[in-house]
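In: I'd like to go over a predicted model; first the sequence, then the structure.
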Amino acid sequence: MKQYNKSMSDTNENKTIPTDQLVSLLLALKEDAQHQIDESDASYEEIRQLFFGKESELTHLTQFMRFVPKEDKQRVGIVLNQVKQSLEALLSKKAKESGIVNEDWMDVTAPGIRPPVGHLHIVTQAIEEITEIFNKLGFTRVRHPEVDWDWYAFEALNMPKNHPARDEWETFLINHTPGVKEVHTPGVRNIVLTPHTSNGQVREMEKGILPIRMINIAKCYRRQIDVSHTPMFHQFEGLYIDKNVSIGHLKGVLDYFAKAFFGPDRKTRIRPFHFQFTEPSFEVDISCGICNGKGCRLCKEGWLELGGAGMVHPVVLANGRIDTTFYNGFAFGWGVERCFMMKSGTQLDDIRVLYGNDVRFLEQF
Ligand code: PHE
């Protein structure tokens, strides 16, 4: 195998070399390299030593860099890099030819790329938990429309057209399509994005199966947005219709749920209230889990309203064709998101983060 002329290396000691001469030696090295490989039957390792080893011409020539005058350094540096790259390319070609590098090779022991795994949204998790708690009490989850006739959302619930009680549920209306037959709504043709899940009450009664123990969980829509409201949210509506149902039954169910969902530390209170579709009516509050009842940005006074409850109004029962001489019942409707936020250990002070779609938040649950 041909050895490189070491003449220049030998002059290393006198430490001077004209720049042009260094450049032409470098270029000659590059020119010769392919030739070197073709002519020899040297192994990959021998070639590697020849090109890049301690005693290689390249190593020796590189040592002259120190003595190149400042103004020539850049020019020589560029040439030196080109020579190195070209030798590296030749060497890797040689490696492939010698079977040292196999491009099809795969390191099966290398760590894999873990595919991102998602999970159910926290609101869905809350819905599942709520469903389970009520299942234990014999309530079955049902589905009723989230876009419904004015009749089911308002009229049938004892809220006639233009009744001020509707204002609280100011909602999104959809124009009635001419030709589509309206249901139960002489003169009231509106379709609404349901502002509450109470539209499921009369729909459930219409099924004609008694007793009723339903839990209707669905999306609701209202024109409101702030730290404790989003325009779309979820409610769960309980309805129990049977013979001789009392407020005691209602309180028992509410307490059972509060204990199971929020934990034994949270306090609840019931205040008299007014709803058109229940009589008597109540509002159910739970002590705020963020400030423990002291008052904070979210709750203001230490209590958070969960939602309403009451004994189903006879007019509503009649609209659902229930025989009020034998049957009565209670109903309640609470917000899923609110319940989730008030749950022990959840330090959320703005309900809107639930729908911000920020995975940094969602991944924590
Ligand atoms: N629908 C009422 C609301 O959205 C809650 C409610 C449901 C009240 C059932 C009484 C009975 O606020």
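Out: Great, that's in hand.
In: Show me which strand runs longest in this structure.
Out: If you go by DSSP state E, the chain has its longest strand at strand 232-243.
In: Return the list of helices and strands in contact with it.
Out: helix 122-136, helix 199-206, strand 212-221, helix 247-262, strand 303-312, strand 327-335, helix 336-342 (3 or more Cβ pairs under 8 Å, 6 or more residues apart in numbering; DSSP states H and E). Every C-beta, even on glycine, is put in place using the N, C-alpha and C of the backbone.
In: How about the lengthiest helix in the chain, which residues are buried there?
Out: The single longest helix within the chain, with elements called by DSSP state H, is helix 70-97. Residues of helix 70-97 classed as buried by neighbour count (16 or more other Cβ atoms under 10 Å): 76, 79-80, 83-84, 86-87, 90-91, 94.
In: And that helix, what does it pack against?
Out: Packed next to helix 70-97, using 3+ Cβ pairs under 8 Å, 6+ apart, are helix 19-39, helix 44-52, helix 57-63.
In: any weak-confidence spans in the stretch 201-350 of the chain?
Out: By pLDDT under 70, the weakly predicted segments of the stretch 201-350 of the chain are 298, 344-347.
In: interface residues of it facing the ligand?
Out: 237, 275, 278, 307-310, 331-333 (Cβ under 6 Å from any ligand atom).
In: Format those as CSV; extra columns: distance to His163 and neighbour count.
Out: As requested, these are exported to CSV (distance: Cβ to Cβ, whole Å; neighbours: other Cβ atoms under 10 Å):
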residue, distance to His163, neighbour count
Glu237, 20, 25
Phe275, 12, 23
Thr278, 15, 26
Gly307, 20, 19
Gly308, 16, 21
Ala309, 21, 25
Gly310, 17, 22
Ala331, 19, 30
Phe332, 21, 24
Gly333, 18, 25
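In: quick one: contacts for Leu306?
Out: Neighbour list for Leu306: 268, 284-286, 334-335, 338-339, 342 [criterion: Cβ atoms under 8 Å, 6 or more residues apart in numbering].
In: Farthest-apart pair in the residues you listed, please.
Out: Maximum pairwise distance in those, criterion Cβ to Cβ, is 14.8 Å, between Thr268 and Gly335.
In: quick one: which of these two has more around it?
Out: Set Thr268 next to Gly335 and count neighbours by other Cβ atoms under 10 Å: Gly335 wins out with 24 against 17.
In: how about the more buried one, what does it touch?
Out: Per Cβ under 8 Å, 6+ apart, neighbours of Gly335: 233-235, 306-307.
In: just the residues you listed now: which is nearest Tyr44?
Out: Looking across these and measuring by Cβ to Cβ, the closest to Tyr44 is His234, at 67.8 Å.
In: Name the nearest residue to that closest one, ignoring sequence neighbours.
Out: Leaving out its chain neighbours, the residue that sits closest to His234 by Cβ to Cβ, 6 or more residues apart in numbering is Val336, at 3.8 Å.
In: didn't that neighbour look like it was pressed against Ile127?
Out: Yes - under the criterion of Cβ atoms under 8 Å, Val336 makes contact with Ile127 at 5.9 Å.
In: who touches both of the two?
Out: Joint contacts of Val336 and Ile127 (Cβ under 8 Å, 6+ apart) are 217, 234, 236.
In: okay, those residues in CSV with neighbour count and distance to Pro211 next?
Out: Listed next are the shared contacts of Val336 and Ile127 as CSV, based on neighbours: other Cβ atoms under 10 Å; distance: Cβ to Cβ, whole Å:
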residue, neighbour count, distance to Pro211
Ile217, 22, 20
His234, 24, 25
Phe236, 25, 19
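In: What values do phi and psi take at Ser56?
Out: phi -70, psi 160 (degrees, to the nearest 10).
In: pLDDT score for the nearest residue in space to it that is not next to it in sequence?
Out: Setting aside the residues directly before and after it, Ser56 is nearest to Leu50 in space (Cβ to Cβ, 6+ apart), at 6.0 Å. Note on Leu50: pLDDT of 87.
In: now Leu50: how far from the ligand?
Out: Relative to the ligand, Leu50 is positioned 85 Å away (criterion: Cβ to the nearest ligand atom, to the nearest Å).
In: Next, count neighbours for that residue.
Out: 23.
In: Wait, it touches Ala42, no?
Out: Yes - between Leu50 and Ala42 there is a contact under Cβ under 8 Å: 7.0 Å.
In: So for Thr185, what pLDDT did the model give?
Out: 54.
In: Ok, Met65 next?
Out: pLDDT, Met65: 87.
In: tell me, how many neighbours does it end up with?
Out: Met65 - counted by other Cβ under 10 Å - has 12 other residues nearby.
In: before we move on, what SS does it have?
Out: helix (DSSP: H, G, I helix; E, B strand; the rest coil).
In: in stretch 47-65, what counts as buried?
Out: 47-48, 50-51, 56-58, 60-61, 64.
In: Dump it to PDB, restricted to CA.
Out: This file holds the C-alpha atoms of stretch 47-65, laid out as PDB (Å, rounded to 0.1, in the frame of the first residue of the first chain):
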ATOM      1  CA  ILE A  47      -8.200   3.100   5.200                       C
ATOM      2  CA  ARG A  48      -9.600   4.800   8.300                       C
ATOM      3  CA  GLN A  49      -6.100   4.900   9.800                       C
ATOM      4  CA  LEU A  50      -4.700   6.100   6.600                       C
ATOM      5  CA  PHE A  51      -7.100   9.000   6.300                       C
ATOM      6  CA  PHE A  52      -7.700  10.000   9.800                       C
ATOM      7  CA  GLY A  53      -5.200   8.200  12.000                       C
ATOM      8  CA  LYS A  54      -2.600   9.900  14.200                       C
ATOM      9  CA  GLU A  55       0.100   9.400  11.600                       C
ATOM     10  CA  SER A  56      -2.100  10.400   8.600                       C
ATOM     11  CA  GLU A  57      -1.200  13.100   6.200                       C
ATOM     12  CA  LEU A  58      -4.400  15.000   7.200                       C
ATOM     13  CA  THR A  59      -3.400  15.000  10.800                       C
ATOM     14  CA  HIS A  60       0.000  16.300  10.000                       C
ATOM     15  CA  LEU A  61      -1.200  19.000   7.600                       C
ATOM     16  CA  THR A  62      -3.800  20.100  10.100                       C
ATOM     17  CA  GLN A  63      -1.000  20.800  12.600                       C
ATOM     18  CA  PHE A  64       0.300  23.500  10.200                       C
ATOM     19  CA  MET A  65      -2.900  25.400  10.600                       C
END
